[in-house]
Each structure stands twice: as structure tokens, then as C-alpha cells.
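Novice: Fold the following for me, if possible:
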Amino acid sequence: MSINWFPGHMNKAIREIREILPKVDLVIEVLDARLPYSSSNPVIAQFCSDKPSLKLLTKSDLADPIITEQWLAYFRQQSQTQALAITSEKPEQIRGLIGDIKQMLAGKEDKLGNLTALITGIPNVGKSTLINTLAGKQIAKAANEPAVTQGQQRIDLRNGLILIDSPGILWPKIENPKSGYRLALAGSIKNTAMNHEDVACFGAEFFLKHYPDLMKKRFKLEDLPSHEVEFLEIIGKQRGCLGSGGYVDFHKIATILLLEFRSAILGRISLETPEVAIAEQQEVERILAEKAVQKELEGQQKKRRKR
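Specialist: Reported below is the predicted structural model:
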């Protein structure tokens, strides 16, 4: 099953970003450190490719630190790109970004000595918290749910830096099903647009394979089952998530597992590595190429029938 969520305000936000881009000196892309590939919007990448870019990996305190370092090295190899891992738990680290940005764009100030940076990212990735910390006051509404900010706003920090805040946006179709599940797992897809049990099964399968020691520790298990459904049954009974007839309430234990991942109660977990991202992107490009060929063939067949 694929997961997609693209409400109308996101389409409007993309149009507004296109319009403001000529006035922008830097694109600050806010990514979730646990899923930097899946949380990077390909639409933004497409029409911001000629701008200097600062990739900020937020929620780094929730991610696997070894994999985060791999991602930073990966992004820093890209042209006109700097990458930093940040966390709202260290506001002084975020405030230091102002100096980093000015150093990165030295000599590009306008006549008034200002630099303009567009801040973009997916829903619920921490953009509003980032902006409020940089501004030193509550400017953007922050909440632990997606799609709180729905309109673009201009914020003059009065220190030589002007921020253009855009709503958290996804893209019309998430071609990689695994990316859709990762976004849902991390809380960037609205609850009503996903099935908790399916997402929890996806997460459980990943956790069992890549972080077995964390699962044993968290749920006090000597041995782990080989299947994610059995794992959810075990921890569901352990937590007392039982419905009528004594059967495990899968929605309830699924919700608990999602919450414990999102808050790092399970431990510091990253859902993808650069190597995984490269392989999946190649597969997505292959599928899209096949679809394009099929569409072309269908178009030719229609023309023949009309003749």
C-alpha cells in the first residue's frame, strides 16, 4: 500500500516558493535526521538546484548518531551545499546558525546589508521551532502535528538575515512506498491519511532487523520473534493492549509503538542510510522511466486508432 497526503494548501505553497525564489540567496532545507532522503522534497530540489543550500538535520538527538554522520558527509559532497545536524535541545547550537549562514554567503548581501534565506521542509520536521529559536521569540506556531503552518511569511531578524518561512509541504505523489511509510512512522503524514497498524508493522519489521538489541532492551525480551506481527502480539500482551475475547488490540499497540519511536523511547533509530537512499532512488527512476515509455506507447496506439 502506498501512502500519499497532499492537501490543497501544499500546492499553493509550492507556487509561492517558485515566485519568491529570485529574491532568495539561500535555501535552508530542514530534514528529519532519522530519514533525510525520505524527508527531502524532490519538487523543491528540482527548482532550487541552482541556489546555495543548507541542509539542517533536525531531531538529531532522536537519530542514530553514526548514521547521521554518514548523511552529513554525503550532503557535504554536493555542490554549493553545507549540512549540519541540530536539535531543539541545544538552542545555542541553532542560534549559531546565523553566523554560519553569513559566513557561507559572505559578499552576497543586498544594498541594506541583508541576506534572504528560504526555509522549507516537510510537515512536522521542526521548522517553526527552528525559526522561533533564531528569532528569540514566538513567531511561528509550533505543534507536534503536521500542517500547522499553512501560509508563507517574511521574518526580519534585524541582524542582517531575513527568513522566508513556507508551510511544511510534501509532494503530489510519493513514488517510493518505503518513503511513504517512513514519513508516516515519523509523524509527517496526518493520522487520518494512514493506517496505524500497517505503519507499525513496517516499523516493527525494520526495528527487528536493524535494531534488535534496542528492542530486546526496551521490551525486556531475551529472544525476538522473526515476524513483525508476532512481535506486536507479544508486546501488545505485555502492555495489556487487549480487546474483547482477550485478543490483542493491534490499533492500540501500533499507536504505542509509533509514539515510542517518535519520542526515541525505543532508542536512537535512523530509518535509512545514504546507501539505501541511492539504491531506492535508482529504483524509483527506473520505474518512472518505464511508466514514461508505457505512456508514450499508449499515446501512439491512440493516434493509430484515430487514423
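Novice: Residue 253 in helix, strand or coil?
Specialist: Secondary structure, DSSP: H, G, I helix; E, B strand; the rest coil: residue 253 is helix.
Novice: measure it to residue 208 for me?
Specialist: Distance of residue 253 to residue 208, computed by C-beta to C-beta, to the nearest Å: 15 Å. Backbone N, C-alpha and C define where each C-beta goes, glycine included.
Novice: who has more neighbours, the two?
Specialist: Applying other C-beta atoms under 10 Å to residue 253 and residue 208 shows that residue 253 carries more neighbours, namely 26 against 17.
Novice: Count the residues that sit near the nearest residue to that one once chain neighbours are set aside.
Specialist: Spatially, and ignoring its direct neighbours in sequence, residue 253 is nearest to residue 236 (3.7 Å; C-beta to C-beta, 6 or more residues apart in numbering). Residues lying near residue 236 (other C-beta under 10 Å) number 21.
Novice: which SSE is residue 236 in?
Specialist: In the assignment (DSSP states H and E), residue 236 maps to helix 228-238.
Novice: Please point out which parts of that helix sit buried.
Specialist: Across helix 228-238, burial judged by 16 or more other C-beta atoms under 10 Å covers 228, 231, 232, 233, 234, 235, 236.
Novice: got these as JSON lines, with pLDDT and distance to residue 243 columns?
Specialist: Below are these laid out as JSON lines (pLDDT from 0 to 100; distance: C-beta to C-beta, whole Å):
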{"residue": "228", "pLDDT": "97", "distance to residue 243": "19"}
{"residue": "231", "pLDDT": "98", "distance to residue 243": "18"}
{"residue": "232", "pLDDT": "97", "distance to residue 243": "13"}
{"residue": "233", "pLDDT": "96", "distance to residue 243": "12"}
{"residue": "234", "pLDDT": "97", "distance to residue 243": "16"}
{"residue": "235", "pLDDT": "97", "distance to residue 243": "15"}
{"residue": "236", "pLDDT": "97", "distance to residue 243": "10"}
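Novice: Now the two most distant members of those residues.
Specialist: Spatial extent of those (C-beta to C-beta) is set by the pair 228 and 236 at 12.0 Å.
Novice: what about the strands in the stretch 51-200 of the chain?
Specialist: In the stretch 51-200 of the chain, the strands defined using DSSP state E, counting those that start in this stretch lie at 53-58, 81-85, 115-121, 153-156, 161-165.
Novice: Out of the ones you listed, flag the one nearest residue 192.
Specialist: The nearest among those, by C-beta to C-beta, is strand 115-121 at 21.4 Å.
Novice: So what's the residue count around the spatially closest residue to residue 266 that is not a sequence neighbour?
Specialist: Leaving out its chain neighbours, the residue that sits closest to residue 266 by C-beta to C-beta, 6+ apart is residue 260, at 5.0 Å. Residue 260 has 16 neighbours, counted by other C-beta under 10 Å.
Novice: Next: residue 213.
Specialist: Residue 213: 9 neighbours (other C-beta under 10 Å).
Novice: same deal with residue 214?
Specialist: Neighbour tally, residue 214, other C-beta under 10 Å: 15.
Novice: Give the full set of residues in contact with it.
Specialist: 207, 266, 267, 269 (C-beta atoms under 8 Å, 6 or more residues apart in numbering).
Novice: can you check residue 95 too?
Specialist: 133, 134, 136.
Novice: And residue 200, by the same measure?
Specialist: 232, 250, 253, 254, 255, 257, 258.
Novice: try it again with 10 Å
Specialist: Neighbour list for residue 200: 184-185, 228-229, 231-232, 250-251, 253-258, 261 [criterion: C-beta atoms under 10 Å, 6 or more residues apart in numbering].
Novice: quick one, what contacts the nearest residue to it once chain neighbours are set aside?
Specialist: Nearest residue to residue 200 in three dimensions, chain neighbours excluded: residue 254, at 3.4 Å (C-beta to C-beta, 6+ apart). Each residue near residue 254 by C-beta under 10 Å, 6+ apart is listed here: 195, 196, 197, 198, 199, 200, 201, 203, 204, 232, 236, 241.
Novice: repeat that with 8 Å
Specialist: Per C-beta under 8 Å, 6+ apart, neighbours of residue 254: 196, 197, 199, 200, 201, 232.
Novice: Next: residue 122.
Specialist: 32, 39, 41, 168, 169, 170, 183, 188.
Novice: ok, and what's touching the helix holding residue 236?
Specialist: By C-beta under 8 Å, 6+ apart, the list of residues contacting helix 228-238 reads 200-202, 204-205, 208, 215, 219, 221, 224-225, 242, 248-250, 252-254, 257.
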